[in-house]
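Asker: Sequence and predicted structure are below.
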Amino acid sequence: MAFHSKRVRQRGQSLVEFVIVAPVLLFFCFGLLQYALMFQAKATLDSAVLEAAREGAVNHAELAPMQRALARGLAPLHAHEANETGAATALARAIQDVQANARIAIVNPTRAQLDDFGQTRYDPETRKTVREIPNELLRYRRTDIGRASGTGIQDANLLKIRVHYCYDMVVPFVNRAVYYAVNGIGAVSRDGLSPTEPVDANHDPYGSPVTPDFMCRRKLEDGRMTGRWPIALESEVVVRMQSTYRGAVGQDMDR
């Protein structure tokens, strides 16, 4: 009889231990899944940014061609069917995603380099006068250092872009916990990670983040309703210009 009571107590103890450990273990497993998805998204973004830079290199570093190329590269993140219709749908979603959640910034060439080496000429295609950095015969051009930029014309023909992309984490609970942690929203306490919307109407609806990413910010109530919590991913790449650089038209120059 005593042996039977001891076995019952052991089973009860095991059940209590399982109840304590299970949520932590489940959160850890979900976290690994979300990390794997983020790693896949980062690898896809790196490839897409390279494609965007190559497209920009042959199109005077214009924004629209780079955005289209970036969308093509990010299309696999939106693909759910392995057929022609699925590919077209994924590309359409990727185009919308890039317009809403991606920022392409030109790090090089700089405005100072355009001032140092830019030349004005008439472009018969657009029928406009453009200012551009020459690209032909770079091997035989002078290696003088520009007064404003402190670089040579060869360096001014390197296209470096940085893409800031808001990736929506999809694993339940983990996505919200990571979003709160990354942005520094709340403290780990009774009123920390649990609120879905600030009680005070005059409070910041974004949760008064300590380290906010303004491009990827999400209103807490919107995140709770949609279950979508974004995290910022960044990627940079450098390629050599294959056309003349004409300055940033409608895009960010990161300086």
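Answerer: Happy to help now that I have it.

Asker: ok, residue 166 - contacts?
Answerer: 101-102, 213, 215-216, 230-233 (C-beta atoms under 8 Å, 6 or more residues apart in numbering). For the C-beta atoms, the positions are set from N, CA and C on the backbone; glycine is no exception.

Asker: Quick check: it is in a strand.
Answerer: Yes - the assignment for residue 166 is a strand, going by DSSP: H, G, I helix; E, B strand; the rest coil.

Asker: Run through the bridge partners of it.
Answerer: Listed beta-bridge partners, residue 166: residue 232 (assigned using DSSP bridges).

Asker: cool, residue 120 as well?
Answerer: Residue 120 has these beta-bridge partners by DSSP bridges: residue 131.

Asker: quick one on the thing from earlier: restricted to buried residues, select the contacts of residue 166 in ChimeraX.
Answerer: Here is the ChimeraX command that selects the buried residues among the contacts of residue 166 (16 or more other C-beta atoms under 10 Å):
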select :101,102,213,216,230,231,232,233
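
Asker: As TSV, the contacts of residue 166 with distance to residue 53 and pLDDT would be great.
Answerer: Below are the contacts of residue 166 laid out as TSV (distance: C-beta to C-beta, whole Å; pLDDT from 0 to 100):
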residue	distance to residue 53	pLDDT
101	19	94
102	14	96
213	23	87
215	20	92
216	22	92
230	23	94
231	23	94
232	19	94
233	16	95
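
Asker: By residue count, tell me the biggest helix in the chain.
Answerer: helix 2-57 (DSSP state H).

Asker: Over it, what's the mean pLDDT, rounded is fine.
Answerer: When pLDDT is averaged along helix 2-57, the result is 81.

Asker: residue ranges of the helices in the stretch 51-200 of the chain, please?
Answerer: 63-74, 84-101, 111-117, 153-156, 174-183 (DSSP state H, counting those that start in this stretch).

Asker: Present those helices as CSV; the columns should include distance to residue 37.
Answerer: Converted to CSV, the helices of the stretch 51-200 of the chain look like this (distance: least, C-beta to C-beta, whole Å):
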stretch, distance to residue 37
helix 63-74, 14
helix 84-101, 15
helix 111-117, 38
helix 153-156, 38
helix 174-183, 10
